[in-house]
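>>> Provided below are the primary sequence and the corresponding predicted coordinates.
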Amino acid sequence: MDVSYILDSLNQAQREAVGAAQGSLLVLAGAGSGKTRVLTHRVAWLVQACQVSPLSILAVTFTNKAAQEMKGRIEQMLGYPMRGMWVGTLHSVAHRMLRAHWQEAGLQQGFQILDSDDQIRLIKRTLKELNLDEGYWPPRQIQWYIHGHKEEGRRPGHIAEGIDPQQRELRRIYQSYEQLCQRFGLVDFSELLLRAYELIKNNEPLRARYQERFQHVLVDEFQDTNAVQYEWLRLFAAKHGNIFVVGDDDQSIYSWRGARIENILQFERDFPNTNVVRLEQNYRSTGNILSIANAVIDHNQSRMGKKLWTRGDQGDPVRLYVAYNEMDEARFVLDRIQSWVEQGHARSEVAILYRSNAQSRVFEEVLMQVNMPYRVYGGLRFFERAEIKDALAYLRLIASRQDDPSFERIVNMPTRGIGNRTLEQVRDYARINQVSLWDASRALIHGSELSARVISSLGRFIDLIERLAHQVEEQTLADQVEQVLQLSGLLAHFAKDKGEKAQGRVENLEELITAARNYEHDTEEGLDPLPAFLSHAALESGEGQGEEWQDCVQLMSLHSAKGLEFPLVFLTGLEEGLFPHQRSLQEQGRLEEERRLCYVGMTRAMQALYISYAEVRRLYGRESYASPSRFLSEIPSEMLSIVRGGIRTELAPSIGDVESSDNHQVKLGGRVRHNSFGDGVVLSVEGRGEHTRVQVNFESVGNKWLVLAYANLEKL
DNA sequence: GGGTTAACCTTTTTT
DNA sequence: AGGTTAACCC
């Protein structure tokens, strides 16, 4: 079979990676260097040229979206479905294995996944059982503590008891939390990974089986793997050593979540004969964009060293807009988007990027004012909405009666006369007898401690769940969901309210039925549709669910922008304290990560990049005067073309040289007249001396770049 | 049980 | 500032 087509479209380095012999390979892939391409082509190569069965391939990605995309691209390339190949995030792979081997892993059969919200609730409950004060032991910090340890593979037993009472107490909370999870059949995000890792590590027959099955392991975004993930991958590949990892140390932005950039170095040590391929040719951005991105990232001390280059044009200069305040910044961005759209481009080609989600608000305001469609990524996602979580809690309780958080959530939702007092009694009983709320309720109903009225309402709830569980058995998933929404009274509860909010909730619930109907569940996983759907809801936040597809401007945090590209990018809020973020300035080593974040942001841009900061910003209630981000001063001034904000131009920026403002002939924002183009406004000035070029927006002919020395501009 | 108000808290990133 | 939660009142 002719397989040359797989390599034909690749450059030398890419070809080297894709066509590499068996063994371990490390691909250091710069931003926009065709990393996804290399991965997909590699799989195609394995299947077509090396006759590797898709069954023996495990491909690991960072997000679910990336997994879908990869699978889609491979199938498109080969022209047939990749049946039996495992492609997914490590979380979903872990989940899949735990479902298959729940017994060996020591889990309940119907175990449910605990999302971040549920986890907080459970931590609160743990604190209550231990008689500890929430104020003194903030649940968020406990959550952080637990995750931190699990990501490093540490169980409570691995943590030294120590003498510090605070530390000892934390450890005790961790321990109790684990016991509760175990009792209720709950598994949090980091537990998925740790449990699956321990399963493979301690169970030799299973390990051998998986090592035998997955002859080829491929890993995307390798720089963002944490300790447990790395060890796990290493175990997979320990026998055959066929492991193909792709990563970029300059794009490691998740160390706060346990990701270890050092894994890249460790990899070469653990797999001694690793070949290293560097992808440095960039196919995404213009030369000017790459220059500033390179300039910034060059300030990081600890990096493996890569320099992106392109065969393409230098392109437009990268522009810096100095805004008076955040509103001014937003208006500027809006103005540029409008002219972009007027030039016939799509709105979806534009991305507004920011460091923290709170910044999206102002942009949303101005976009809304002019009815420009936009979409904000991040924030509350479909499966996280309250009403959806209510509905899911019913389904979860049907799937697993031990699931206490779900029980708590819906026992009185919609209200059915089970108040806090009753619940307190149920909780007490559960705590004393070490059983779930469900079992406690059943016991109390048959006991004599509760009043007749309470027994009847609690009994009705128990009956409702039992009845639902029974009725739903033979139905399709969508029917199950619909039944639950109807009989639980959830739909009616929201429907009776005529408010806009409640209306939206009803729509969301209906959308959940649609989601269930469209959910294609993989029968290979050997899981019933309902538990499969519930896991799906927990693992995939439901990005894209319920949003109609429109040509929208894209708003997102820098973190969510990773892996994406846009013709026009606005990198906003480059102020000290905001970006780099205040918190990162306090901790050692975090500044470099912020810089990588900046690099990630810049390299999202294909054709044009605007950077901006505000001199005054109202954030979290108060106005702050921040100095421009240090990242700006790391860009050589001749690489940036500075545009000044309209309102307070007399305030000179403290970075770079603003040649322009004391340039005797023109002033930014000033009006000028040209012999043939007529009147216009100076938008930016670049270079110095006789090479000075100015950009003028003329009323008659639009934007023009002119060499100042020859243009003969007349100041008005 | 539901609605209103007051205090409070959180403000980095998310599988 | 904004949103959420806890407390309080009807």
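Yep, that arrived. Residues are numbered from 1 along each chain as shown, chains lettered A, B, ... in the order given.
>>> now do the closest residue to A:D313 other than its chain neighbours, the pLDDT please.
Distances taken as Cβ to Cβ, 6 or more residues apart in numbering place A:T286 nearest to A:D313, at 5.9 Å, with adjacent residues excluded. Bear in mind the C-beta positions are built from the backbone N, C-alpha and C, glycine included. pLDDT, A:T286: 96.
>>> so A:T286 touches A:G312, yeah?
Yes - with contact defined as Cβ atoms under 8 Å, A:T286 counts as touching A:G312 (6.2 Å).
>>> what about the helices in the stretch 201-350 of chain A?
Taking DSSP state H, counting those that start in this stretch as the criterion, the stretch 201-350 of chain A carries its helices at A:204-213, A:227-237, A:263-270, A:287-297, A:326-342.
>>> distance to DNA strand C and mean neighbour count added to those helices, as a markdown table?
Listed next are those as a markdown table, based on distance: least, Cβ to the nearest atom of the strand, whole Å; neighbours: other Cβ atoms under 10 Å:
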| stretch | distance to DNA strand C | mean neighbour count |
| --- | --- | --- |
| helix A:204-213 | 40 | 14 |
| helix A:227-237 | 30 | 22 |
| helix A:263-270 | 36 | 17 |
| helix A:287-297 | 31 | 23 |
| helix A:326-342 | 12 | 19 |
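>>> could the ones you listed go into TSV alongside distance to DNA strand B?
Shown next, in TSV, are those (distance: least, Cβ to the nearest atom of the strand, whole Å):
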stretch	distance to DNA strand B
helix A:204-213	20
helix A:227-237	9
helix A:263-270	16
helix A:287-297	17
helix A:326-342	14
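>>> higher neighbour count, A:T286 and A:G312?
Neighbour comparison, A:T286 and A:G312: the larger count goes to A:T286, with 21 against 16 (by other Cβ atoms under 10 Å).
>>> tell me the phi and psi of that one?
Note on A:T286: backbone dihedrals following degrees, to the nearest 10 are phi -70, psi 170.
>>> ok, so what distance separates it from A:I159?
Using Cβ to Cβ, to the nearest Å, we find A:T286 at a distance of 51 Å from A:I159.
>>> what of A:R517?
A:R517 is 46 Å from A:I159, by Cβ to Cβ.
>>> out of these two, which sits in the more crowded spot?
Legend: neighbour count by other Cβ under 10 Å for A:R517 and A:I159, higher for A:I159 (16 against 13).
>>> which residues sit in contact with the closest residue in space to the more buried one that isn't next to it in sequence?
Taking Cβ to Cβ, 6+ apart, and ignoring the residues beside it in sequence, A:I159 has A:R171 as its nearest neighbour in space, at 5.2 Å. By Cβ atoms under 8 Å, 6 or more residues apart in numbering, A:R171 lies in contact with A:156, A:159, A:161.
>>> got the buried residues for the helix or strand containing A:R171?
Using DSSP states H and E, A:R171 maps to helix A:165-184. Going by neighbour count (16 or more other Cβ atoms under 10 Å), the buried part of helix A:165-184 is A:170-171, A:173-178, A:180-182, A:184.
>>> re the thing from before, between the contacts of A:R171, which sits nearest DNA strand B?
The shortest approach to DNA strand B among these belongs to A:P156, at 20.2 Å (Cβ to the nearest atom of the strand).
>>> surely the closest one meets A:Y177?
No - taking contacts as Cβ under 8 Å, A:P156 lies outside contact range of A:Y177: 9.0 Å.
>>> for A:Q607, phi and psi?
phi -100, psi -50.
>>> settle this for me: it is touching A:N288, isn't it.
No - using Cβ under 8 Å, A:Q607 makes no contact with A:N288, being 10.1 Å away.
>>> tell me, what's touching these two both at once?
A:315-316.
>>> in contact with the residue in the stretch 251-400 of chain A that DNA strand B sits nearest to, which residues?
DNA strand B sits closest to A:N357 of the stretch 251-400 of chain A, with a gap of 3.1 Å, by Cβ to the nearest atom of the strand. The contact partners of A:N357, by Cβ under 8 Å, 6+ apart, come to A:378-379, A:557.
>>> what does chain A have sitting close to DNA strand C?
Within chain A, the positions adjacent to DNA strand C are A:618, A:620-621 by Cβ under 7 Å from any atom of the strand.
>>> and A:A532, that one's in a helix?
Yes - counting by DSSP: H, G, I helix; E, B strand; the rest coil, A:A532 falls inside a helix.
>>> so how far is A:R381 from it?
Counting by Cβ to Cβ, the gap from A:A532 to A:R381 is 19 Å.
>>> so where's the stretch 551-700 of chain A shaky on pLDDT?
Counting by pLDDT under 70, the ranges of the stretch 551-700 of chain A that qualify are A:645-670, A:681-700.
>>> one more time with 90, if that's ok
Confidence mapping of the stretch 551-700 of chain A against pLDDT under 90 gives the ranges A:551-552, A:560, A:576-591, A:615-627, A:637-638, A:640-700.
>>> smallest gap between it and DNA strand C, at which residue?
Nearest residue of the stretch 551-700 of chain A to DNA strand C: A:G621, at 3.4 Å (Cβ to the nearest atom of the strand).
>>> looking at the contacts of A:N357, which are in strands?
In this view, the contacts of A:N357 that belong to strands under DSSP state E are A:S557.
>>> what about the helix or strand harbouring A:Y394 and DNA strand B, touching?
Per DSSP H and E: A:Y394 is located in helix A:386-399. No - for helix A:386-399 and DNA strand B, the contact criterion (Cβ under 7 Å from any atom of the strand) is not met; the two come no nearer than 13.9 Å.
>>> please name the nearest non-neighbouring residue to the residue nearest the centre of chain A.
Nearest residue to the geometric centre of chain A (Cα atoms, centre = their mean): A:S560, 4.8 Å. The shortest distance from A:S560 to any non-neighbouring residue, by Cβ to Cβ, 6+ apart, is to A:Y377 (4.9 Å).
>>> filter the contacts of A:N357 down to the buried ones and express that as a ChimeraX selection.
Entered in ChimeraX, the line below selects the buried ones among these, by 16+ other Cβ under 10 Å:
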select /A:557
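>>> what parts of chain A come near DNA strand B?
Residues of chain A lying close to DNA strand B (Cβ under 7 Å from any atom of the strand) are A:62-64, A:89, A:91-92, A:116, A:135, A:138, A:140, A:189, A:253, A:256-257, A:355-358, A:377-378, A:412, A:414-419, A:539, A:541, A:557, A:559-560, A:581-584, A:590, A:620-621.
>>> please pick the buried ones from those residues.
If we count by 16+ other Cβ under 10 Å, the residues of chain A next to DNA strand B have these buried: A:62-64, A:89, A:91-92, A:189, A:253, A:355-357, A:377, A:412, A:418, A:539, A:541, A:557, A:559-560, A:581, A:584, A:590.
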